[in-house]
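Peer 1: Provided below are the primary sequence and the corresponding predicted coordinates.
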2 protein chains.
Amino acid sequence: MSGLIGSTPAVINVGLASFAESIEAAGGDVTQVDWRPPAEGEATAGRALARLTADPRVEKANEVALARFLAARPVLAGVATARDVVPGLGDRVVLHAGPPVEWPAMAGPMKGAVVGAMLYEGWAADADEAERRAASGEVAFSPCHHHSAVGPMAGVISPSMPVWVVEDREHGGTAFSNLNEGLGRALRFGANGPDVIDRLRFMASTLAPALGAAVERLGGIELKPLIAQALHMGDECHNRNVAASSLLTRRLAPAMLHAGVAGEQAAAALEFIAGNDHFFLNVSMAACKAMLDAAHDVAGSSMVTVMSRNGTEFGIRLSGTGDRWFTAPAPVVEGLFFSGYSREDAAPDLGDSSISEAAGIGGFAMAAAPAIVQFVGGTPADAIAYTNEMFAVTLGVNPVFTVPSLGFASLPAGIDALRVVDTGVAPVINTGIAHREPGIGQVGAGVTRAPLACFAEAVRELERGLG
Amino acid sequence: MSGLIGSTPAVINVGLASFAESIEAAGGDVTQVDWRPPAEGEATAGRALARLTADPRVEKANEVALARFLAARPVLAGVATARDVVPGLGDRVVLHAGPPVEWPAMAGPMKGAVVGAMLYEGWAADADEAERRAASGEVAFSPCHHHSAVGPMAGVISPSMPVWVVEDREHGGTAFSNLNEGLGRALRFGANGPDVIDRLRFMASTLAPALGAAVERLGGIELKPLIAQALHMGDECHNRNVAASSLLTRRLAPAMLHAGVAGEQAAAALEFIAGNDHFFLNVSMAACKAMLDAAHDVAGSSMVTVMSRNGTEFGIRLSGTGDRWFTAPAPVVEGLFFSGYSREDAAPDLGDSSISEAAGIGGFAMAAAPAIVQFVGGTPADAIAYTNEMFAVTLGVNPVFTVPSLGFASLPAGIDALRVVDTGVAPVINTGIAHREPGIGQVGAGVTRAPLACFAEAVRELERGLG
């Protein structure tokens, strides 16, 4: 003891950095280890984590789930009217993004989008009537994810809207997404003025048939190679889709004309998609949904198959916990705001588009898209750091999705709820930011994180299920 | 002296590394300085270099030339038939790539392309007759660069071929290029079979009018923003043009239909360009030519305004030396060969497409296009190294052409012949490789260097001119 006091002690400090700082201030020699207790120190989740990590059934189940995810072969198969193809979409049903939410609890932009959908469907003559009817229970609300569907931001899909149809031709599943309206005032951001409704009508009457004819003429479009190519062209395929949108347009244009779509209609359709750098987003989201559905329902698997937000709550699902949602309050997004807007205008995190990150693109692929920092903030070095950080929480890599600038390294794939809870590293998500009030639209874009509480609760439930 | 021998001497070795190696082998402490004598040790070029470097007129002239280059605003203005717009393109004239060359000295692929052009023009009934007539002097040959034009590989342009028209709307110049035929068997690689001639007829009768109508409808397309965007999407715009080609197609498709091009014709045109990842190359080359022409003919300037190869000789022009060519034997390209071909099959370096590097893209922009190493060989680290190396030989940077992954750093711009001669760093060029025999086509792609001898001779001439 006297020897220890007589010499200068060498200290290793694990965890809380302030202890190390005070030793350093006193002239001590200290090495700081950046460590946090698993499960943020919460005991039941920590115990569940320990048991599941030691359980060979979990490891085996995750191998199966990841393999099914990687083997999925999403093909853009067509365009259809939602009521004709989306399972369980009855009359007077409106689908929305995220986990379940009823009218009173809906965020401003989602309410705005619901009102817009009701006007579009002719269920109300004006916004006041639509709100009254929505509040009265005349309309049923259901998450897109309960119908093999996804939609960005408000994610509102009503029966008469056109949807993309993506088939997993390896496993036989089918996923759906609505069509992207472009930036600015759009239904998905809660805008519902006459311009927005007119655009939805144009999309159903002119755009969708032209796209459908083109896709049919091509016999479908393989989406994994297209996404992989876009990742080589600076897209991360969530908030940056200019390469994928251009590649898609290039495929569709001649096919549309060969299919006999009239020149005027084709011109209008092609002009619409050529004017929207984000047009591919919804196609990509349906592809991600199809790939992740292939990995869903593997008993014992801690792989995350859904991450989504309804503007009020953030929710996830695990492969091994069936249809259960695990939710936490939706965070507010840090990012770059459009001129005239600030954090005060922002609605909390919203949309099914975080299916992209669950599938290993978007925020997980930022290293492939250094130019995206112009849209979501940060530096190209941050973009690489986000991708590298996500390897800590994933089950493996996706050899099909690679990053040329990193020597063609594969991207991380398959979020493991156990690893998230163990490390405290929250999955990163690139996203748009909607105005908190209905009817205004997008006000910015940025980077956010999935709340850790969802993952802790999911791990507890997975452990309860395995017994 | 005895003190020096008694202690261990510390040696700095400048130049030849073998001296350092022998000191190191003997246990000596040696620092190697990588240095080569300017002008490869050649005395007259070395003296010219020293005089010009000290001459304030040269520095001033280079400032003017670079500023004019950077200020140029190339706009894709239309598509026309060569004889109607290309200055000095008389009847029975065939333009070709590179510095002047007559029939007997032409490389195999260029001879093949000339024969193809004569068949296309109806100047001969078959290849034998075409060769006889070409050899007889009935046809006049002239470099594209003598007519404000550029063409990749053989660069053959005959009077009935369609050409892109690019206007420099800042300074008023106009540049031309032929239209890209796609990979494989193509006239520019010396192929001249019926398939090649039929494709040329389709391009003139169907493709060119459709493209021309679209460009006219758009009122022209600004090319610098398009190239800048493609550089953010993994193109270097010489051997990788998939982003730029997709962005261009996306612009042209709706405009073509709005302009009233019939559905069938538009379908054929769009299918053709959608099937060719290199379609933008010739547009980009004409843009580079227009930008560099703006910098040409500034008295005293050592800026390189042309780099080009005819398959036999490599030639350059400087801004300050007027129409003089400075030539050296064309090198053979190191690269990746298509299956079944090797270095023995390769024609020497060929084509006007090195106008790209003179304009600071292509090999100079490889850092922007890490995925290109799959096509030309090397690693993504090599790609960055090539770009960084080129700062040693350029007058400045182009603030419009930036690289997101390098923190949006500007690319090097304006090759300075003085710096090339001083450093011995030869400008790097990405290029396709043609088969040495006429009629076969492309056999690979790779990276090559401009021969230093051209630059030494250009510097001597510039010095003679300034007196």
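Peer 2: Received, thanks.

Peer 1: list the contacts of whichever residue of the stretch 101-250 of chain A sits closest to chain B.
Peer 2: Across the stretch 101-250 of chain A, the shortest distance to chain B (CB to the nearest CB) belongs to A:Ser246, at 3.7 Å. C-beta: built from backbone N, CA, C; applies to glycine. Applying CB atoms under 8 Å, 6 or more residues apart in numbering or on different chains to A:Ser246 gives the contacts B:243, B:246-247, B:249-250.

Peer 1: also A:Leu183?
Peer 2: With contacts defined as CB under 8 Å, 6+ apart, the neighbours of A:Leu183 are A:276, A:278, A:442.

Peer 1: tell me if I am right that it is in a strand.
Peer 2: No. With DSSP: H, G, I helix; E, B strand; the rest coil as the criterion, A:Leu183 is assigned coil and is not in a strand.

Peer 1: for it, give me phi and psi.
Peer 2: Geometry field for A:Leu183 lists phi and psi as phi -80, psi -180, criterion degrees, to the nearest 10.

Peer 1: what about it, distance to A:Asn241?
Peer 2: Look at A:Leu183 and A:Asn241: by CB to CB, to the nearest Å, they are 11 Å apart.

Peer 1: any residues in contact with both of these two?
Peer 2: Common contact partners of A:Leu183 and A:Asn241 (CB under 8 Å, 6+ apart): A:His278.

Peer 1: so which residue is smack in the middle of chain A?
Peer 2: Nearest to the centroid of the C-alpha atoms of chain A, with distances taken as CA atoms, centre = their mean, sits A:Ser354, at 1.2 Å.

Peer 1: show me the contacts for that residue.
Peer 2: If a contact means CB under 8 Å, 6+ apart, then A:Ser354 has A:307-309, A:362, A:429, A:431, A:450 as its contacts.

Peer 1: and if you look at A:Thr448?
Peer 2: Each residue near A:Thr448 by CB under 8 Å, 6+ apart is listed here: A:331-335, A:349, A:428-429, A:431.

Peer 1: pull the most distant pair out of these.
Peer 2: A:Val332 and A:Val428 (15.2 Å; CB to CB).

Peer 1: enumerate the residues of chain A near chain B.
Peer 2: Residues of chain A lying close to chain B (CB under 8 Å from any CB of the partner chain) are A:229, A:232-234, A:242-243, A:245-247, A:249-251, A:253-254, A:257-258, A:260-264, A:266-268, A:270-271, A:274, A:370-371, A:373, A:379-381, A:404-408.

Peer 1: circling back to that earlier point, export the contacts of A:Ser354 to JSON lines and tack on pLDDT, distance to B:Glu461 and secondary structure?
Peer 2: Shown next, in JSON lines, are those (pLDDT from 0 to 100; distance: CB to CB, whole Å; DSSP: H, G, I helix; E, B strand; the rest coil):
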{"residue": "A:Met307", "pLDDT": "98", "distance to B:Glu461": "66", "secondary structure": "strand"}
{"residue": "A:Ser308", "pLDDT": "98", "distance to B:Glu461": "69", "secondary structure": "strand"}
{"residue": "A:Arg309", "pLDDT": "97", "distance to B:Glu461": "68", "secondary structure": "strand"}
{"residue": "A:Gly362", "pLDDT": "98", "distance to B:Glu461": "56", "secondary structure": "helix"}
{"residue": "A:Ile429", "pLDDT": "96", "distance to B:Glu461": "61", "secondary structure": "strand"}
{"residue": "A:Thr431", "pLDDT": "91", "distance to B:Glu461": "60", "secondary structure": "strand"}
{"residue": "A:Ala450", "pLDDT": "97", "distance to B:Glu461": "66", "secondary structure": "coil"}
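
Peer 1: between the residues you listed, which sits nearest B:Ala413?
Peer 2: Distances from B:Ala413 to the contacts of A:Ser354, taken as CB to CB, are shortest for A:Gly362 (34.6 Å).
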